[in-house]
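> The sequence and its predicted three-dimensional model are supplied below.
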Amino acid sequence: MAGSQIERVLNVLESLTVDARGLPLQALADQLAIPKSATHRLLAELVRLGYVRQDEQTSRYRLTTRLVAQGFRYLASSGADVVQPILDELAEQTGELVRLGVIEGARQTWLAKSQGARGGLRYDPDMGREAPLFYTASGHAWLASLDDAGALALVQQQGIADPAAFGPNAPRSLDELLERLALARSQGYAWVSESASLGTSAVAAVVRHPQQGRVIGVLSVAGPSARLTLERLHAIAPLLLRAADELGAASLASELFN
């Protein structure tokens, strides 16, 4: 199965789709019938590009969600999945954009959505993007599920973009970010108003694995701040939390989480 360099890369990616637990280096080299050193070089490049990651405990290599994200962008839809009816119902109830971000390692990527706004102002950004952690409701919801040290480590790993690109109500320091995370922990959900950008607001809550309790995703409702006032954000929160619980229960049967 040697082939050209491009064939080798595609064969690596295809081999890694077989087992969600990932594969060890030697097993991949055997499957591809190429030297272990060559396999390692291919994997190192794929890790650098964000398509593959290596599990720190098992040393196995596994796919990230990046290819999935690209597939969703290509199809311009979230596809048929058991989570979609839950997103659709929440979008219908709120009349706003509902997005699901899936956690993969140190990344949260928006992979599924449902647009509830039928007219007037619509907030509908591209899917398949990594959620910024410092100034979005989705980022704050995930960070609030961690302790302060873990949250700051993730923020520093992702980096903070140019503050000039933020909305007027974005955190102005790491200390201010931690204050907002404390509020999110006390409420059980996170919210922002004109933080990610001028004129938009959002509320978000984590989705947890039904058996292990770990965070596997983040569900959010976002829209124009003219409609999503702070009062309305908090009024939407119970609907959001109920939908997040439903997503957690459905996650074992969803391709997005597995």
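Right, received. Where do you want to start? The structure presented is a predicted model; accordingly, all values stated were derived computationally and were not measured.

> any idea how the protein splits into domains?
5-63, 74-257 (automatic domain parsing).

> and these, which is most packed in?
Highest mean neighbour count among the domains of the chain (mean count of other Cβ atoms under 10 Å): domain 74-257, with a mean of 18. Bear in mind the C-beta positions are built from the backbone N, C-alpha and C, glycine included.

> rewinding a little: any chance of JSON lines for the domains of the chain, columns mean pLDDT?
Converted to JSON lines, the domains of the chain look like this (pLDDT from 0 to 100):
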{"stretch": "domain 5-63", "mean pLDDT": "88"}
{"stretch": "domain 74-257", "mean pLDDT": "90"}
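
> what's near enough to touch Gly188?
Gly188 makes contact with 205, 237, 241, according to Cβ atoms under 8 Å, 6 or more residues apart in numbering.

> In strands only, show me these.
Secondary structure defined by DSSP state E assigns Ala205 of the contacts of Gly188 to strands.

> What is the nearest of the contacts of Gly188 to Ala106?
Of all the contacts of Gly188, Ala106 sits closest to Ala205, with 19.9 Å by Cβ to Cβ.

> got the contact list for the closest one?
With Cβ under 8 Å, 6+ apart, Ala205 has these contacts: 141, 188-190, 218-220, 237, 240-241, 244.

> returning to what we had before: which of the contacts of Gly188 sits closest to Gln84?
Ala205 (18.2 Å).

> Tell me what the closest one is bridged to.
For Ala205, the residues forming beta bridges with it (DSSP bridges) are Leu219.
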